[in-house]
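Novice: predicted model and sequence below, questions to follow.
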Amino acid sequence: MRTVAVLLVALGISMPVAASAQSGTQADQAYCDALRNTYLRYVGHSEDSHRGEFEGGSLGAQVAVTQCHGGNTADAISVLERELKNQGFDLPKRG
């Protein structure tokens with residue numbers, strides 16, 4: 001009985017922590033997607049390309065776009081922020 005009580009307490013503690021981490025991840029992904037979309041629309045995408053090829057911008061930003069799409073927001077966000085600022089764009093709101 002004591003083991004069950006300990007497990008229930010541990011589960012009760014871990015659930016809010018997991019939910020908090022998940023919402024942070026979702027917020028980071030939403031922000032990364034907004035940066036990626038802005039970058040692709042205005043800097044790194046060829047309007048003549050129907051295959052989604054990159055046209056402008058740096059190789060680092062192109063890698064960050066791919067990372068963001070793949071869920072690697074930690075690495076992608078800082079690169080995309082820097083690239084957009086260097087191009088004179090206002091960054092989208094975060095969160």
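Specialist: Received the coordinates, thanks.
Novice: I'd like the next helix or strand past the one helix or strand residue 30 maps to.
Specialist: Residue 30 belongs to helix 2-39 when assigned by DSSP states H and E. Later in the chain than helix 2-39, the nearest helix or strand by DSSP H and E is helix 59-69.
Novice: now do the helix or strand just after that next one against helix 59-69, angle only.
Specialist: Moving toward the C-terminus from helix 59-69, the first helix or strand encountered (DSSP H and E) is helix 73-86. In this structure, helix 73-86 runs at an angle of 130 degrees to helix 59-69, with axes from the mean of the first three to the mean of the last three Cα atoms, to 10 degrees as the basis.
Novice: give the buried residues for helix 73-86.
Specialist: With burial defined by 16 or more other Cβ atoms under 10 Å, the residues of helix 73-86 counted as buried are 73, 76-77, 79-81, 83-84. From N, CA and C alone the C-beta is placed, and that goes for glycine too.
Novice: stretch 86-95 now?
Specialist: Across stretch 86-95, burial judged by 16+ other Cβ under 10 Å covers no residue at all.
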